[in-house]
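J.: How does the following fold in three dimensions:
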Amino acid sequence: MAKLYDLQGKRIFVAGHRGMVGAAITRHLNQRGMEALTVDRTELDLLDQAGVKKWISENRPDVMIVAAAKVGGILANDTRPAEFIYENLVIETNLIDAAYRAGVERVVFLGSSCIYPKFAAQPMSEDALLTGPLEPTNEWYAIAKIAGVKLAQAYRQQYGCRYISAMPTNLYGIGDNFNLQGAHVIPSLMRKAHEAKLSGQAAMEVWGTGTVRREFLFVDDLADAVIFLAENYDEPGPINVGVGEDLTIRDLAELVCSAVGFTGTLEFDASKPDGTPQKLLDVKKISSLGWKAKTALDIGLAATYEWYLANQGELRL
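T.: Next up, the predicted model:
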């Protein structure tokens, strides 16, 4: 299939390159001999509109990948809603508008599967967007991400910008956040299992009932998908990026414990929130373009735990 846009020879700005997603995208671009532009927070605050506009104007990237975001698990979303909606709205607005004003040719905005309604039909297709109420524990983040999708569409509609939006499912992998106050489910479970193993605990606590179902994508697969979409997708609507399979949180916890080597029992705290009953993406759209996730969950978990062990001194704990 002929590419719609060739990234080779282009200057590609990865916003949020220090996060798990941005780091993976930067890593993959470099591996393919592509020029990834990055800037540290000490040099550019993405919440500073004038600063963002000035940096983009001076550095003139051809392509922008918006991987910068304030992210976190259920606890972080539920306890800091104002931060999650405000910071994400400001970051995406500053970046997308600055891209337009500087003549950036392509923007890939990264959203999230949480943009879809809490009780959307499963698997969730792109058409499910805005068809029902959101999951209350992360609606602030979801609303900000929905606004980003619509922002990209609006600039495309009014100005003819070739901006696209990709909606990843739940992510995990190298460079994840293992801080239990803000981490997502896999790094939380992995850290708990690791510490339970070291201390010789007989049991490990898991939030919720363990019955809800989730889909998980290795972050390096997402990086591959983002590059693929930047070159092969050019439509106004969002496109899902997932594996097309899910599992219960109980099954996930057992897989994590197996990867870590924790052999104790699991104790589920049903007083803690479960979140959305099921989150499985319909990936027919991206599959029809020729992309498919490559990393099996057990392989990805093993690679993540290996990285966790090797980077204890640099982890966000």
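J.: okay, CA-based contacts and neighbour counts for the rest of this
T.: Fine.
J.: Who does the longest strand anywhere in the chain pair with, and is each partner parallel or antiparallel?
T.: Among the segments of the chain that qualify as a strand by DSSP state E, the longest is strand 162-168. Strand 162-168 has the following sheet partners, assigned by DSSP bridges: strand 106-110 (parallel), strand 239-241 (parallel).
J.: Looking at those strands, which one is packed in the most?
T.: Greatest average neighbour count among the strands paired with strand 162-168 goes to strand 239-241 (a mean of 26), per mean count of other Cα atoms under 10 Å.
J.: Contacts for it next, please.
T.: 113, 125-126, 165-169, 222, 225, 281-283, 285-286 (Cα atoms under 8 Å, 6 or more residues apart in numbering).
J.: Next up, the contacts around residue 60.
T.: Residues near residue 60 by Cα under 8 Å, 6+ apart: 11, 102, 103, 104.
J.: Output the residues you listed as TSV; include the columns neighbour count, pLDDT and secondary structure.
T.: Listed next are the contacts of residue 60 as TSV, based on neighbours: other Cα atoms under 10 Å; pLDDT from 0 to 100; DSSP: H, G, I helix; E, B strand; the rest coil:
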residue	neighbour count	pLDDT	secondary structure
11	18	97	strand
102	18	98	helix
103	15	98	coil
104	24	98	coil
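J.: Among these, pick out the one closest to residue 74, please.
T.: residue 104 (34.7 Å; Cα to Cα).
J.: The residue lying closest to the closest one once chain neighbours are set aside and residue 28, how far apart?
T.: Of all residues not flanking residue 104 in the chain, residue 62 sits nearest, at 5.0 Å (Cα to Cα, 6 or more residues apart in numbering). For residue 62, the distance to residue 28 (Cα to Cα, to the nearest Å) stands at 18 Å.
J.: now swap in residue 87 and tell me
T.: Applying Cα to Cα, one obtains 27 Å for the distance of residue 87 from residue 28.
J.: returning to that earlier point: the contacts of strand 239-241, buried ones only, as a ChimeraX selection?
T.: Only the buried members of those enter the following ChimeraX selection, criterion being 16 or more other Cα atoms under 10 Å:
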select :113,125,126,165,166,167,168,169,222,225,281,282,283,286
